[in-house]
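K.L.:
Kindly generate the corresponding structure for this input.
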Amino acid sequence: MNLITLNLAVNFIRDEGACAISENNSWTNLKILNLSSNKIGAKGASAVSRNTTWTNLTSLYFLDNSIGDEGAIALSMNIIWRHLATLYLQGNSIGAEGATAISKNTAWTNLTTLNLSDNSIGDNGASAISTNASWMNLTTLDLSYNHIGDEGASAVSKNITWTNLVTFNLSWNSISDEGASVLSKNTTWMNLKTLNLSWNSIGNRGASAVKEKWPRAIIPVEEETNSSLFCSCYNFSIILYIIVR
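P.N.:
Numbers count the residues shown, from 1 in each chain. The predicted structure is shown next:
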């Protein structure tokens, strides 16, 4: 069959449906699969990960399901999606264990976009993700809403593999001035254009560190709670919401 895109998002296929889909052996040209918002759990994710037919898959959208660590671990064991470029696992109750498993996958060398937002990977999960040395083509990474603090931010800042990173979202975490200062010392993300640190706990010291890193940035700071801070310089933007306490 010549099926290239299959979108079953926002339905109720659950594990049973995901298992049925995974048994397909004729969609050899399938490139885009969207199973988002389907109440799929670990069993369904595991079944999908074991399919050996979709060798041309480039994009997998699995967001807003309930795969948890077990499902994430199962997906991480897949070694046939060597063309996978986009992986969305947002809102799946994935913790540090699942993030660690994903970070160890060495088959997805063409991955350009990874979305793990709205999970619970925490500092340990962020640290694990930072150790990945296979995603050399990664351009977009979303770790927002993940209970990441300064320790996780520090670990992520030390990654030397993501030299092509363009967009990095760390919003809605627990990063303070210390974490922002460490992030500003990164020397690998030379192609970074957008860094989203909104809704953390960053104050003037952290903002100053960011501005020192990118001195051409214009950083207006308003002395009020949740004041908006936007800085931009040539081919680069930093988005922050400063919580002044």
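K.L.:
Mind picking out the helix or strand in the protein with the poorest mean pLDDT?
P.N.:
Within the chain, confidence by mean pLDDT, DSSP states H and E is lowest for strand 227-233 among all helices and strands, at a mean of 40.
K.L.:
any low-confidence regions in the protein?
P.N.:
Along the chain, segments meeting pLDDT under 70 span 214-245.
K.L.:
All the strands of it, residue numbers only.
P.N.:
In the chain, the strands defined using DSSP state E lie at 5-7, 32-34, 59-61, 86-88, 113-115, 140-142, 167-169, 194-196, 227-233, 236-242.
K.L.:
Buried residues of the second one, list them for me.
P.N.:
So the one you mean is strand 32-34. Leu33, Asn34 (16 or more other CB atoms under 10 Å). Glycine gets a C-beta too; all of them are placed from N, C-alpha and C.
K.L.:
Tell me the strands beside it, with direction?
P.N.:
When pairing is defined by DSSP bridges, strand 32-34 lines up against strand 5-7 (parallel), strand 59-61 (parallel).
K.L.:
which other residues reach it?
P.N.:
Ile4, Thr5, Leu6, Asn7, Leu8, Ala9, Trp54, Leu57, Thr58, Ser59, Leu60, Tyr61 (CB atoms under 8 Å, 6 or more residues apart in numbering).
K.L.:
now that strand, how far from the chain's geometric center?
P.N.:
Shown here is strand 32-34, whose average C-alpha point lies 17 Å from the average C-alpha point of the whole chain (CA atoms, centre = their mean, to the nearest Å).
K.L.:
Please apply the same query to stretch 76-93.
P.N.:
Here stretch 76-93 is found 11 Å from its chain centre; the criterion is CA atoms, centre = their mean.
K.L.:
Regarding that stretch, how distant is the last residue from the first?
P.N.:
In stretch 76-93, first residue to last residue: 15 Å (CA to CA, to the nearest Å).
K.L.:
cool, stretch 65-83 as well?
P.N.:
Its first and final residues considered, stretch 65-83 spans 23 Å by CA to CA.
K.L.:
and if you look at stretch 194-209?
P.N.:
Terminal residues of stretch 194-209 lie 16 Å apart, using CA to CA.
K.L.:
And the helices in the chain?
P.N.:
14-22, 42-49, 68-76, 96-103, 122-130, 150-157, 177-183, 204-213 (DSSP state H).
K.L.:
Touching, Ile129 and Leu116? I think so.
P.N.:
Yes - the pair Ile129 / Leu116 is scored as a contact, 7.5 Å apart, by CB atoms under 8 Å.
K.L.:
Could you single out the most deeply buried of the strands paired with strand 32-34?
P.N.:
For the strands paired with strand 32-34, average neighbour numbers computed from mean count of other CB atoms under 10 Å are highest in strand 59-61, which has a mean of 20.
K.L.:
residues in contact with that one?
P.N.:
Residues outside strand 59-61 that contact it (CB under 8 Å, 6+ apart): 9, 31-36, 81, 84-88.
K.L.:
so how far is that strand off the chain centroid?
P.N.:
What separates the centre of strand 59-61 from the centre of its chain is 13 Å, taken as CA atoms, centre = their mean.
K.L.:
any idea how far Ser37 is from Gly91?
P.N.:
Ser37 sits at a distance of 9 Å from Gly91 (criterion: CB to CB, to the nearest Å).
K.L.:
same check, this time on Asn132
P.N.:
Relative to Gly91, Asn132 is positioned 21 Å away (criterion: CB to CB).
K.L.:
likewise Ile67?
P.N.:
With the distance defined as CB to CB, Ile67 ends up 10 Å from Gly91.
K.L.:
Between those two, which is the more surrounded one?
P.N.:
When Ile67 and Gly91 are compared on other CB atoms under 10 Å, the one with more neighbours turns out to be Ile67, at 27 against 19.
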